[in-house]
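Undergrad: Sharing a model prediction with you, sequence too.
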Amino acid sequence: HIGLTLWDWQPHAADGPQSFDQVRDVTAVTWSPSGDRVAVGSREGAWIFDSHDQSLHHVLDKGGQERVMSGVESISWAADGGCIAAGRMDGKISLFDPDTGRELQHLEGHSSPALVAWSPDGQHLVSAPAFIPGMERKASLSLKIWDRQSGKEVRHLDTSDWFAAVAWHPTQPRIAFLSWESDLWVIDSQTLKTILKVSTQLNDRGTLCWSADDSQIAVGGRERQGGLAGIQIWDVSTGKQRLVLRGHHTKVTSLAWSPDGQRLASGEAQGIVNLWDPKTGGMTLSRPVMKTQRNLPPAWSPDSQRL
C-alpha cells in the first residue's frame with residue numbers, strides 16, 4: 001500500500017523518516033500553517049495527524065462517523081488555519097473544521113474529481129474538474145471560485161478542457177492552472193481575465209506549483225516529443241521558459257516548492273522523490289520513497305525543514 005512518510009530533507013539528518021502506518025493509498029497531503037499537523041487524503045477518506053508523534057487527531061467525517069464519501073482527490077488547508085477543503089473523487093467538495101474533524105459545509109463542485117486550492121487569505125476556494133480516463137468530453141467545463149463563509153459560487157470560468165492542476169498565487173489574486181492538453185494559464189482571480197497562456201508541450205496530465213517568491217511556476221510531466229520526463233520553470237512576467245530540469249526516469253506527477261524558496265521537490269510514478277536547486281536546475285538529492293505506480297504528492301512543512 002501507499003502510506004505517508006515525513007523526511008528531514010537534509011542529506012545527513014540524524015533522524016530517520018517518520019512513517020504513518022495508519023494510512024494507505026495516499027492521494028494528497030497538506031500541512032497546517034503552524035506545522036504541527038498534517039491532513040492526509042486517500043482513496044479511503046481523510047485524516048489529521050500530529051506531525052511530530054504521528055498520533056491521529058481526527059478522522060474527517062460528515063457527522064456520525066461517516067467518512068468522506070468516495071475518497072479524496074485533493075486537499076488544502078486554509079492559511080488562517082481554520083478550514084480544510086477536500087476535493088472528493090465524486091466531484092463534491094467538503095469543508096472541515098480542523099479542530100473537530102466535522103464537516104462545516106458541502107459544495108456540489110463538479111462531475112469529476114475535484115481539484116481545490118485556497119486563496120492567500122483563506123476566504124475563497126478555487127476548484128476545477130480533473131480528468132477521469134474514459135469520460136466523454138463535455139461542451140463546457142468550469143473552474144469555480146467559492147466564498148468560504150456562504151458556501152456559494154461567486155465566479156466561474158468555462159473552458160473546453162479538463163484540468164490537470166490548479167494553484168492560487170501565494171500572495172496575489174492570481175490563479176495558475178494546467179489544462180489536460182498541457183496549456184499553462186495564469187488568470188486574475190477577480191476578473192478571470194487571462195494574464196498568461198503558454199503551451200508546455202507535455203503529455204497527459206501534468207502538475208504545477210508556484211515559486212516561493214511568486215515570480216515563477218514549475219510545471220512537471222512527460223514531454224510529447226521523445227517522451228522524456230522533465231520539469232519546466234516558467235517566468236510569469238515574461239512568459240518565457242527559464243529552466244528545464246531532467247533526472248526523473250518516469251513521468252513527473254507532483255511538485256512542491258519549499259516556502260524558503262531554496263528547494264523544489266518532485267515525485268514520479270515509480271516512487272522516487274527528487275530535490276532540486278531551482279536557481280541552477282541541479283539535483284541535490286534523490287530518494288526512493290516506496291515502490292508504487294501511483295502519484296507521490298510531496299508537501300513541505302511551513303519551516304521548509306520537513307517533506
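TA: Received it, and whenever you're ready, just let me know what you need.

Undergrad: Mind jotting down where the strands sit in the stretch 101-250 of the chain?
TA: 103-107, 114-118, 124-129, 141-147, 153-159, 163-168, 174-179, 183-188, 194-199, 202-210, 216-223, 229-235, 240-245 (DSSP state E, counting those that start in this stretch).

Undergrad: Dump those into JSON lines; add mean neighbour count and distance to Pro278 as well.
TA: C-beta coordinates here come from the backbone N, C-alpha and C atoms, glycine included. Listed next are those as JSON lines, based on neighbours: other C-beta atoms under 10 Å; distance: least, C-beta to C-beta, whole Å:
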{"stretch": "strand 103-107", "mean neighbour count": "17", "distance to Pro278": "34"}
{"stretch": "strand 114-118", "mean neighbour count": "26", "distance to Pro278": "20"}
{"stretch": "strand 124-129", "mean neighbour count": "26", "distance to Pro278": "24"}
{"stretch": "strand 141-147", "mean neighbour count": "20", "distance to Pro278": "27"}
{"stretch": "strand 153-159", "mean neighbour count": "15", "distance to Pro278": "29"}
{"stretch": "strand 163-168", "mean neighbour count": "24", "distance to Pro278": "16"}
{"stretch": "strand 174-179", "mean neighbour count": "23", "distance to Pro278": "16"}
{"stretch": "strand 183-188", "mean neighbour count": "19", "distance to Pro278": "17"}
{"stretch": "strand 194-199", "mean neighbour count": "14", "distance to Pro278": "18"}
{"stretch": "strand 202-210", "mean neighbour count": "22", "distance to Pro278": "10"}
{"stretch": "strand 216-223", "mean neighbour count": "24", "distance to Pro278": "7"}
{"stretch": "strand 229-235", "mean neighbour count": "22", "distance to Pro278": "6"}
{"stretch": "strand 240-245", "mean neighbour count": "15", "distance to Pro278": "8"}
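
Undergrad: any low-confidence regions in the stretch 1-150 of the chain?
TA: Filtered on pLDDT under 70, the stretch 1-150 of the chain yields the residue ranges 1-23, 62-70, 133-140.

Undergrad: how does it look with 50?
TA: Within the stretch 1-150 of the chain, the segments meeting pLDDT under 50 span 1-2, 11-14, 16, 139.

Undergrad: In which helix or strand does Trp47 reside?
TA: Secondary structure from DSSP states H and E places Trp47 in strand 45-50.

Undergrad: partners of that strand, with directions?
TA: Strands adjacent to strand 45-50 in the sheet, as given by DSSP bridges, are strand 37-42 (antiparallel), strand 56-59 (antiparallel).
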